[in-house]
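Prediction below, plus the sequence it came from.
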Amino acid sequence: MPLSRFVAALLFASTFVSCGARAADAGIDAALSAYEAGNYTTAANLLKPLADSGNAVAQHRLSVMHFYGRGVPENEQTALAMARKSAAAGNVDAMYFLGTMFVFGDEAPKLVDDPDREAAKWFFEAAKDSHPDAEYGLGLMFLAGKGVVQDQNEAIKWIRRAASHGHSGAQSFAASHDGKGK
């Protein structure tokens, strides 16, 4: 194949991929807009094919929908499976949500020997990427000694980190504990 045809083929392929990415972005945007508007059934219908094709944002949002029964049947097992896929793809919101399911779920905590430790593990994974809710949750776990060794200094460190990332509960906590801990 002559070089000019090869370059033309590459340009065509990159345009095709780029158009596909824009279509996927438009699809997730429409799905998230429907979700934010409370049109959960529409959101679920738009998210399902995206999640099936590996979109981590769609997988996460569907996991939340299945956990709470928004637009889909409430199903904690499905929620957990979808959140795990999304977290495996690097979605920090899904990592945080996994931790939340192990703290507040009905079924997820029964699937592991130590649900508090599992929650702390997922909060830590999300907190490493500066997820404010996960940082705060991890700080509270250190404060209570749930799933981790109780350590007030470590708790304050994570809570202050969450506060610095805009978490209002962490900001209130940190303000009321100024001068206490490190």
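Cool, the structure landed.

all helices for the chain, in order.
All helices of the chain, identified by DSSP state H, fall at 3-36, 40-52, 56-68, 76-88, 92-104, 115-127, 132-144, 152-164, 168-176.

Lowest mean pLDDT across the ones you listed, which one is that?
Per-stretch mean pLDDT for the helices of the chain is lowest at helix 3-36 (a mean of 57).

Make sure residue 55 is actually in contact with residue 29.
No: in this structure, residue 55 is not within contact of residue 29 by Cβ atoms under 8 Å, at 11.7 Å. In short, each C-beta sits where N, CA and C put it, glycine included.

So if I had to pick from those two, which one is more boxed in?
residue 55 (23 against 11; other Cβ atoms under 10 Å).

Mind pulling up the pLDDT for that one?
97.

excluding its backbone neighbours, what's nearest it?
residue 28 (6.3 Å; Cβ to Cβ, 6 or more residues apart in numbering).

what residues are up against the one you found?
Contact partners of residue 28, counting by Cβ atoms under 8 Å, 6 or more residues apart in numbering, are 47, 50, 55, 57, 58.

Looking at those residues, which is nearest residue 67?
Lowest distance from residue 67 to the contacts of residue 28 (Cβ to Cβ) belongs to residue 47, with 13.9 Å.

List the contacts of the closest one.
28, 31, 35, 58, 61, 62, 65.

buried set for stretch 128-135?
When burial is assessed from 16 or more other Cβ atoms under 10 Å, stretch 128-135 yields the following buried residues: 131, 132, 133, 134, 135.

Could you do stretch 81-95 as well?
Judged by neighbour count (16+ other Cβ under 10 Å), stretch 81-95 contains these buried residues: 82, 83, 84, 85, 86, 87, 91, 92, 93, 94, 95.

Serialize these to CSV and add fields for distance to residue 72.
What follows is those, written out as CSV (distance: Cβ to Cβ, whole Å):
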residue, distance to residue 72
82, 10
83, 14
84, 17
85, 16
86, 16
87, 19
91, 19
92, 23
93, 18
94, 17
95, 22
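
Tell me the one of these nearest residue 102?
Checking the buried residues of stretch 81-95 one by one against residue 102 (Cβ to Cβ), the nearest turns out to be residue 83, at 10.4 Å.

didn't the closest one look like it was pressed against residue 96?
No: using Cβ under 8 Å, residue 83 is not in contact with residue 96, being 9.5 Å away.
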